[in-house]
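**Student:** Have a look; sequence and predicted model below, questions after that.
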Amino acid sequence: MRHVLFLALLAVAGCSSASAPAVPAPRQAPVARAPLAPGEVDTRPAVAVFPFVNGGSYGRDAEDFAALEVGVQQMLLTELSQNGSLRVVERTTLRDIIAEQDLGVSGRVDAGTAAGIGRLVGARYIITGQFTDLYGDFRMDGRIVNVETGEIIHTDQVRNRREKLYDLIVQLAEKMTDGVDLPALPAAVRTARLNRDIPAEAVTLYSRAQVYQDAGRTDRAIELYRNIAEQFPQMTEAREALRQLGV
């Protein structure tokens, strides 16, 4: 009797399992793209970032604000490059084109001009923007230009205390990709980036180092990168800059 009852229960359980809806497999996070094979064409959407313009800031040294125009640009590129589904145009490549077009370091250009430069560097999208720092109230506004049409297709902004400058850059990178339905940064990677302890001072020093490097003052740039690496070890951008300089 017990044997018959046990078999009956197994039959019921089997029916229930068959009729229950299947549980979808967990979504896998995108993985970093493998190196291209010889002759393979990189089909990922390419993004270029112009220097961010100081839209009117008060409360810090003018030198800091001037450096942030390049620093925010480079750090935004770094955040976008964490996404293996995107291809970012190197800042130096864009800098050379801007110099050739005699547009000035601030990159104050309209959407049509930005699109023209985007075509020259092989980008699908161009990000331009500005920042304002009003005595510690920091805000960044970003715009995305479709290179094919020359139109601004998305605008967004982030705002917080100056001390949260690095977090604002991470957030703006996310909003820019979300705005045009580009592949998102994997959640685990985004969390890891936001968990880094990067104070605004480190971002400012890094920005100055970038300016010195652009100006050919390599010794001064190396000195600042080393200081950042020692004082703010989580800011790996400084160590990467030293590596690229062969230090």
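**Tutor:** Done, it's in.
**Student:** which parts of stretch 76-84 are buried?
**Tutor:** 76-80, 82-84 (16 or more other CB atoms under 10 Å). Using the backbone N, CA and C atoms, a C-beta is placed for each residue, glycine as well.
**Student:** just stretch 190-197 next, same as before
**Tutor:** 190, 193.
**Student:** Check stretch 132-140 too.
**Tutor:** In stretch 132-140, counting by 16+ other CB under 10 Å, buried: 132-133, 138-140.
**Student:** what helix or strand does Ala184 sit in?
**Tutor:** Assigned by DSSP states H and E, Ala184 belongs to neither a helix nor a strand.
**Student:** does it really touch Thr177, like I thought?
**Tutor:** Yes: with contact defined as CB atoms under 8 Å, Ala184 reaches Thr177; the gap is 6.3 Å.
**Student:** Looking at the two, which one has more neighbours?
**Tutor:** Applying other CB atoms under 10 Å to Ala184 and Thr177 shows that Thr177 carries more neighbours, namely 24 against 15.
**Student:** quick one: the more buried one and Gln171 touch, right?
**Tutor:** No: counting by CB under 8 Å, Thr177 stays clear of Gln171, with 11.3 Å between them.
**Student:** what is in contact with Ala184 and Thr177 at once?
**Tutor:** Asn83 (CB atoms under 8 Å, 6 or more residues apart in numbering).
**Student:** Check what pLDDT Asp181 gets.
**Tutor:** We have a pLDDT of 83 for Asp181.
**Student:** for Ser81, that is, sorry about that
**Tutor:** 92.
**Student:** That one contacts Val88, doesn't it?
**Tutor:** Yes: at 4.8 Å, Ser81 and Val88 qualify as touching, with contact defined as CB under 8 Å.
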